[in-house]
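Participant: No sequence on hand, only this structure:
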């Protein structure tokens, strides 16, 4: 089977979040299962672009309303990611450092999708599946079926993976001329609440739709940022497939980012050495539990609750602990977290940035990972933490509910709570501190979670099953 993944990001080429990790791993594991998997993405101006060799494989052009664009498709020469990687370059639109957050993102991602579809239309053969990811690519199934220029591609099966349904790519109807000539009787497929909604259109038009955990798919039936009724209507073609993690990147036994490599056999020693380095770097006392947070400082992650929750935990706890925050996001949250460094010097530090190396070191050296998310479609951080022997402290939502079992239950290995509130976070930090004091129980929990297989091998096979189900 030949699968074309179309995505706005892919690790390690360009990454803003978990979408990149998935698209950087899933095709590689599909290749290992004997299939042909390829990735097409925008040519963001990142270090990966400049540090690798490329060849031009196609040049073309398209119109977007009254605007005409030339585009170039380049291919990474060495197959270093384990699959063929293609990047689309459009002068003035895709030649930028950041992936998102430009005023013309609607135009940028429309142009990207048009380039990909135009390129595919010139192929002499047809791939079996076009697998699109999130709203940035979700108009492709519509274009294949209802844009006259691409009708000859309508037999290609399509799958839409929703990594986060909060973001839907809304566009006003005055941007409808951006699409190539299409069957206007099908306007309802584009429309949702009097707006062009690419994600809703993808749900309607793709042959199959999946989210990145079964729990998240259940939640979308009643909490989908306005698309609840659509998910219920299309539920027969919707499913949840839990993400995996790439053990070639996330394995403490081989991780080149961390000070001391370790495995299940010597986890206690390995964790101690890596924790000492972190504590030395940030001025912490190693004898206290180290609680970490890694992620975007935004409302979805409940990051706005962290300043008050952490301060209350410091003030209320009879036992001391350390806390290290890594991330960036909303300015007000960043400022509040930074200001805490002065009051809790020696016990607290925040690093306001994206730092891949430091994140690996924190997973290796931390005792507990805090994830109080309001929304967490799958969550990869908790699985990374488990692989490195760091106990996840999570709210029961989405994929967190699917992947973490409270240590108070039989064979449990994490700390779970129900509400994204300051009170629940403070209470759970207290539970983490108590678990840390019980060295025997902490060792048991670490051994249990490190023995769980969260690799992509199982999940990649489920995606192949999903593709095959389209043809039945």
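Facilitator: Received, thanks. Being a predicted model, the structure only gives us computed values, none of them experimental.

Participant: What lies in contact with stretch 216-234?
Facilitator: 162, 165-166, 168, 192-193, 197, 199-200, 203-204, 209-211, 235, 238-240, 376-378, 397-399 (C-beta atoms under 8 Å, 6 or more residues apart in numbering). (C-beta placed from N, C-alpha, C; glycine too.)

Participant: Now that stretch: buried residues?
Facilitator: 216-220, 223-224, 227, 230-231 (16 or more other C-beta atoms under 10 Å).

Participant: re the thing from before, any of the contacts of stretch 216-234 buried? List them.
Facilitator: The buried subset of these - by 16+ other C-beta under 10 Å - is 162, 165, 168, 192, 197, 199-200, 203-204, 209-211, 238-240, 376-378, 397-399.

Participant: In helices only, show me these.
Facilitator: Judged by DSSP state H, those include 199-200, 203-204, 398-399 as members of helices.

Participant: Include pLDDT and distance to residue 350 when you put those residues into TSV, please.
Facilitator: What follows is these, written out as TSV (pLDDT from 0 to 100; distance: C-beta to C-beta, whole Å):
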residue	pLDDT	distance to residue 350
199	98	33
200	98	37
203	98	38
204	98	43
398	95	25
399	96	26
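
Participant: nearest to residue 278, of these?
Facilitator: residue 399 (26.5 Å; C-beta to C-beta).

Participant: I'd like the distance between residue 385 and residue 24.
Facilitator: Distance, residue 385 to residue 24, by C-beta to C-beta, to the nearest Å: 19 Å.

Participant: who's more crowded, these two?
Facilitator: Shown here are residue 385 and residue 24; by other C-beta atoms under 10 Å, residue 385 has more neighbours (29 against 25).

Participant: Where does the more buried one sit, in terms of helix or strand?
Facilitator: Using DSSP states H and E, the element containing residue 385 is helix 381-387.

Participant: which residues sit against that helix?
Facilitator: With contact meaning C-beta under 8 Å, 6+ apart, helix 381-387 is reached by 243-245, 247, 250-252, 294-295, 363, 366, 369, 371, 391-392, 394, 400, 403-404, 413-414, 449-450, 452, 454.

Participant: What is the neighbour count of residue 77?
Facilitator: Using other C-beta under 10 Å, residue 77 has 11 neighbouring residues.

Participant: May I have the predicted confidence score for it?
Facilitator: Looking at residue 77, its pLDDT is 97.

Participant: any idea how far it is from residue 275?
Facilitator: 41 Å.

Participant: Quick check: bridge partners of residue 10?
Facilitator: residue 14 (DSSP bridges).

Participant: chain center to the strand or helix carrying residue 27: distance?
Facilitator: Using DSSP H and E, the element containing residue 27 is helix 18-32. Taking C-alpha atoms, centre = their mean, to the nearest Å, one finds the center of helix 18-32 at 11 Å from the center of the full chain.

Participant: With stretch 183-203 instead?
Facilitator: 25 Å.

Participant: and residue 368, how far is that from residue 392?
Facilitator: 8 Å.

Participant: Report the set of residues contacting both of these two.
Facilitator: Listed as contacting both residue 368 and residue 392 by C-beta under 8 Å, 6+ apart are residue 415.

Participant: and the helix or strand harbouring residue 465 with helix 18-32, angle?
Facilitator: Assigned by DSSP H and E, residue 465 falls within helix 456-470. Orientation of helix 456-470 against helix 18-32 (axes from the mean of the first three to the mean of the last three C-alpha atoms, to 10 degrees) gives an angle of 80 degrees.

Participant: Strands of the stretch 251-400 of the chain, start to end?
Facilitator: Along the stretch 251-400 of the chain, the stretches classed as strands by DSSP state E, counting those that start in this stretch are 290-294, 322-327, 348-352, 368-371, 391-395.

Participant: Indicate which one of these is closest to residue 175.
Facilitator: Among the strands of the stretch 251-400 of the chain, the nearest to residue 175 by C-beta to C-beta is strand 322-327 (32.9 Å).

Participant: just checking, what packs against that closest one?
Facilitator: helix 267-282, strand 290-294, strand 348-352, helix 356-365 (3 or more C-beta pairs under 8 Å, 6 or more residues apart in numbering; DSSP states H and E).

Participant: can you put these in TSV and add mean neighbour count and distance to residue 100?
Facilitator: Formatted as TSV, the helices and strands packed on strand 322-327 follow (neighbours: other C-beta atoms under 10 Å; distance: least, C-beta to C-beta, whole Å):
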stretch	mean neighbour count	distance to residue 100
helix 267-282	18	30
strand 290-294	24	20
strand 348-352	21	19
helix 356-365	21	18
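
Participant: now for the ones you listed, which one comes closest to residue 9?
Facilitator: Among these, the nearest to residue 9 by C-beta to C-beta is helix 356-365 (13.9 Å).

Participant: as a whole number, average confidence for that closest one?
Facilitator: Mean pLDDT, helix 356-365: 97.

Participant: Now do it: distance to the chain's middle.
Facilitator: Taking C-alpha atoms, centre = their mean, the mean C-alpha location of helix 356-365 is offset from the chain mean by 17 Å.

Participant: who are the neighbours of it, in terms of helices and strands?
Facilitator: Packing contacts for helix 356-365, counted by 3+ C-beta pairs under 8 Å, 6+ apart, involve helix 267-282, strand 290-294, strand 322-327, helix 381-387.

Participant: make it 6 Å
Facilitator: helix 267-282, strand 290-294 (3 or more C-beta pairs under 6 Å, 6 or more residues apart in numbering; DSSP states H and E).
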